[in-house]
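S.K.: Sequence and predicted structure are below.
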Amino acid sequence: MTEPGRLRIIGAVVAALVVAFGAATAWQISDRVAAADDVVSRSQPLSADAASIYRSLADADTAAASGFLAGGQEPHELRERYRKDIANASRLLVKAAASSDGSGDSGKQIAQLNEQLPVYTSLIEQARANNRQGFPVGGAYLRRANEKMSTELLPAAKDLYEAETERLYQDYDDANSWPFIALGVGVLALGGLVWAQRRNYRRTNRVFNHGLVAATAASTVVLLWLAVGHTVARSGLHESQAQGQESLKVLNDARISSLQARANENLTLVARGAVLAEDGKSDKYDEEHNSAMKTLTSGLAQAKDIADDGEGREPVAEALAGMTEWKKRHTAARDTDNKGDYDGALEQIIGAKNSTGECFDKVDASLEKALAHEQREFKQAAENGRGAMTGLSLGAAVLAVLGAMAGVLGIGRRLSEYR
């Protein structure tokens, strides 16, 4: 084969490698940008909505029990709180259904929640109606509603939250995965360009071929941009996961535990010992309250360890202080109730001053503040990670085309010498 023929083949191969590098970079980075977009705009908000559905349902159950304990004339603020919780859960279920294809775990849980929520609210209304008339059967309706909430609605909401969170972590994995194909083709393209320039130097004794140098520079820029940009993106996304999403998960779990503890604390007085635990001796709702408080204790301790700044630690510390006081007041209320002073225990649970309700409100408000802070932390870190890949797909494609053209022109200059 003649030298011009060899040069044409070398030019075609070099151009193909550079174009393939640009195409692989644009393809793989586009996939990772799409996954990062999903983390910020779709999967994390859906995971947060699923957690909010759980919280709203649990809080509605707590508000219903608190209102029942207050007597036939249920306080307006508790009834309004219950109404807002049910409305919020219903709205978020509609939103979740619109974002789901109706199949898979999420679709099944959404369908179950939509089916069972009206049944639950119907039981609550029957409990209220009987309570207003002073009929003891109202307590039975309330316990039946709580059973439906704890055995059907909340498990379905938890499964929905876990399914959406699993989808979020899958999007994280997709966004963080290294673009090995693009990196490999990039190294191969640079290797081909270096070899072509070395061959040119050995045959002509010319140090530089301007076209090949320009192609090498363009490919080097794309390769460095790819490596550095993706590394920065991975760092931002990892920060959003480790310091944002993980904290959100722990705080959501802690808040749910506090709601469960409060609901069971109220139901202990509603049932008045009528519902026993599996051992047949202890009160079922009091046992479940104590279990939820243990979970809350460990959750808050974990949240305090994860918090990475003062703004995040402060509300968690306030929640811990409120929980500690809650435990003391709950123990005192149980002692009062066990001595036969139901009215005194009721005042210690739902009273306006020095009650466990005050402690619960403090814990709940502190956790809401901590969640808002961690949500901001997540969003900022995730958007920084996504932003590090901005323009890389288009830039790689443009530079690859220019690099391929420069390489062809450089080889063309050598070919012209044979004419």
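M.R.: On my side now, so go ahead. Just so it is clear, the model here is predicted, and its values are computed rather than measured. Numbering: from 1, shown residues only.
S.K.: I'd like the distance from the helix or strand where residue 81 lies to the chain centre, please.
M.R.: Following DSSP states H and E, one finds residue 81 within helix 76-99. Mean C-alpha position of helix 76-99 versus that of the full chain (CA atoms, centre = their mean, to the nearest Å) differs by 20 Å.
S.K.: now the following helix or strand past that helix against helix 76-99, angle please.
M.R.: Per DSSP H and E, helix 76-99 leads on to helix 104-132 as the next helix or strand towards the C-terminus. With axes from the mean of the first three to the mean of the last three CA atoms, to 10 degrees defining the directions, helix 104-132 sits at 160 degrees from helix 76-99.
S.K.: Buried residues of helix 104-132, list them for me.
M.R.: The neighbour-count check on helix 104-132 (16 or more other CB atoms under 10 Å) flags 106-110, 112-113, 117, 120-121, 123-124, 126-128, 130-131 as buried. Backbone N, C-alpha and C define where each C-beta goes, glycine included.
S.K.: shaky segments in the stretch 301-419 of the chain?
M.R.: Residue ranges of the stretch 301-419 of the chain with pLDDT under 70: 414-419.
S.K.: Residue 360 versus residue 100, what's the distance?
M.R.: 33 Å (CB to CB, to the nearest Å).
S.K.: In terms of packing, which of those two has more residues around it?
M.R.: residue 360 (25 against 20; other CB atoms under 10 Å).
S.K.: Can you tell me, leaving aside adjacent residues, what's nearest to that one?
M.R.: residue 262 (4.7 Å; CB to CB, 6 or more residues apart in numbering).
S.K.: how many neighbours does the one you found have?
M.R.: Applying other CB under 10 Å, we find 29 residues neighbouring residue 262.
S.K.: next one: residue 76
M.R.: What residue 76 shows, counting by other CB under 10 Å, is a neighbour count of 9.
S.K.: Repeat that for residue 309.
M.R.: Residue 309, neighbours per other CB under 10 Å, totals 10.
S.K.: Could you do residue 343 as well?
M.R.: For residue 343, using other CB under 10 Å, the count is 9.
S.K.: now do the one 10 residues further on
M.R.: The local packing of residue 353 (other CB under 10 Å) involves 7 other residues.
S.K.: Can you read off the pLDDT for the residue nearest to residue 360?
M.R.: Turning to residue 262, the model gives it a pLDDT of 87.
S.K.: Between helix 104-132 and the strand or helix carrying it, find me the angle.
M.R.: Using DSSP H and E, residue 262 falls within helix 246-271. Interaxial angle, helix 246-271 versus helix 104-132 (the same axes, to 10 degrees): 30 degrees.
S.K.: Just the buried positions in helix 246-271, please.
M.R.: Result for helix 246-271 [16+ other CB under 10 Å]: buried residues 246-271.
S.K.: gap between the residue nearest to residue 360 and residue 37?
M.R.: 38 Å.
S.K.: Also residue 202?
M.R.: On the measure of CB to CB, residue 202 and residue 37 end up 49 Å apart.
S.K.: Looking at those two, which is more packed in?
M.R.: Between residue 202 and residue 37, residue 37 has the larger neighbour count (other CB under 10 Å), namely 15 against 8.
S.K.: Need the three-state assignment for the more buried one.
M.R.: Put simply, residue 37 is helix when judged by DSSP: H, G, I helix; E, B strand; the rest coil.
S.K.: nearest residue to it other than its sequence neighbours?
M.R.: residue 386 (6.5 Å).
S.K.: now residue 220
M.R.: residue 190 is the one closest to residue 220 (CB to CB, 6+ apart), at 6.6 Å.
S.K.: How about residue 267?
M.R.: Using CB to CB, 6+ apart, the closest residue to residue 267 is residue 285 (4.2 Å).
S.K.: Run a quick neighbour tally on the one you found.
M.R.: 25.
S.K.: That one and residue 271, how far apart?
M.R.: Distance from residue 285 to residue 271, by CB to CB: 6 Å.
S.K.: Same check on residue 222?
M.R.: 69 Å.
S.K.: Then residue 340?
M.R.: 16 Å.
S.K.: Do a quick rundown of the helices in the stretch 101-250 of the chain.
M.R.: Counting by DSSP state H, counting those that start in this stretch, the stretch 101-250 of the chain has helices at residues 104-132, 137-148, 154-176, 180-204, 210-239, 246-271.
S.K.: center of this protein, which residue is that?
M.R.: With distances taken as CA atoms, centre = their mean, residue 44 lies nearest the centre of the chain, 4.0 Å away.
S.K.: quick one: low-confidence ranges for this structure?
M.R.: For the chain, the stretches with pLDDT under 70 are 1, 3-4, 72, 101-103, 204-208, 273-281, 414-419.
S.K.: Show the contacting residues for the closest residue to residue 113 other than its chain neighbours.
M.R.: Excluding the flanking residues, the one nearest residue 113 by CB to CB, 6+ apart is residue 156, at 5.1 Å. Residue 156 sits next to 109, 112-113, 116 when contact means CB atoms under 8 Å, 6 or more residues apart in numbering.
S.K.: re the thing from before, what residues does the residue nearest to residue 220 make contact with?
M.R.: 216, 219-220, 223.
S.K.: separation between it and residue 215?
M.R.: Taken as CB to CB, the span from residue 190 to residue 215 is 10 Å.
S.K.: cool, residue 139 as well?
M.R.: 82 Å.
S.K.: ok, now residue 253?
M.R.: Residue 253 is 55 Å from residue 215, by CB to CB.
S.K.: Check residue 79 too.
M.R.: From residue 79 to residue 215 the distance is 73 Å (CB to CB).
S.K.: Looking at these two, which is more packed in?
M.R.: residue 215 (33 against 15).
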